[in-house]
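Participant: what shape does this take:
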Amino acid sequence: MSQAIITAHGFVTQGVEGFIDLMKSVNEKRIQRKAIRMTEKELAKLSNAELDDIGISRGDIYSIARTSVVIETAKANHNLQGWV
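Facilitator: Numbers count the residues shown, from 1 in each chain. Here you go, the predicted structure:
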């Protein structure tokens with residue numbers, strides 16, 4: 001009987017942990033999508049001359065927003081905050 005209880009507890013624990021991991025993943029993706037939208041919105045506000053000054057074209061905004069979010073989440077250097 002105790003073996004059945006231990007086995008059932010293991011299944012329940014694995015199910016709960018799996019659900020928590022799923023929810024964490026969904027939340028991380030939501031945060032990434034929000035950062036992408038914010039980046040696109042801010043870059044879209046710039047004029048063509050301002051975009052040219054920083055070396056990008058309006059057509060690059062889509063790909064830049066997605067690569068900058070991946071780079072930012074992968075390795076953020078907080079020492080450079082305010083300088084870059």
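Participant: which helix of this structure spans the most residues?
Facilitator: The single longest helix within the chain, with elements called by DSSP state H, is helix 2-45.
Participant: so which other helices or strands are in contact with whichever helix or strand comes after it?
Facilitator: For helix 2-45, the succeeding helix or strand toward the C-terminus, using DSSP states H and E, is helix 48-53. Applying 3 or more Cβ pairs under 8 Å, 6 or more residues apart in numbering; DSSP states H and E, one finds that helix 48-53 contacts no other helix or strand. To be clear about C-beta, it is placed using only N, CA and C from the backbone, and glycine gets the same treatment.
Participant: buried residues in helix 48-53?
Facilitator: Judged by neighbour count using 16 or more other Cβ atoms under 10 Å, the buried positions of helix 48-53 are residue 51.
Participant: again with stretch 42-49
Facilitator: In stretch 42-49, counting by 16+ other Cβ under 10 Å, buried: residue 43.
Participant: next one: stretch 5-13
Facilitator: Within stretch 5-13, judged by 16+ other Cβ under 10 Å, no residue is buried.
Participant: any idea of the mean pLDDT for that stretch?
Facilitator: For stretch 5-13, mean pLDDT rounds to 75.
Participant: contact partners of it?
Facilitator: Applying Cβ atoms under 8 Å, 6 or more residues apart in numbering, stretch 5-13 has no contact partners.
Participant: so what's the gap between that stretch and the chain middle?
Facilitator: 33 Å (Cα atoms, centre = their mean, to the nearest Å).
Participant: and what of stretch 50-60?
Facilitator: So, by Cα atoms, centre = their mean, the centroid of stretch 50-60 is 23 Å from its chain's centroid.
Participant: which residues sit against that stretch?
Facilitator: 43, 44, 46, 48, 64.
Participant: quick check: closest non-adjacent residue to the first one.
Facilitator: If I follow you right, that is residue 43. residue 61 (4.6 Å; Cβ to Cβ, 6 or more residues apart in numbering).
Participant: can you count the residues close to that neighbour?
Facilitator: Residues within reach of residue 61, counting by other Cβ atoms under 10 Å, total 18.
Participant: now name the helix or strand holding it.
Facilitator: Per DSSP H and E: residue 61 is located in helix 61-74.
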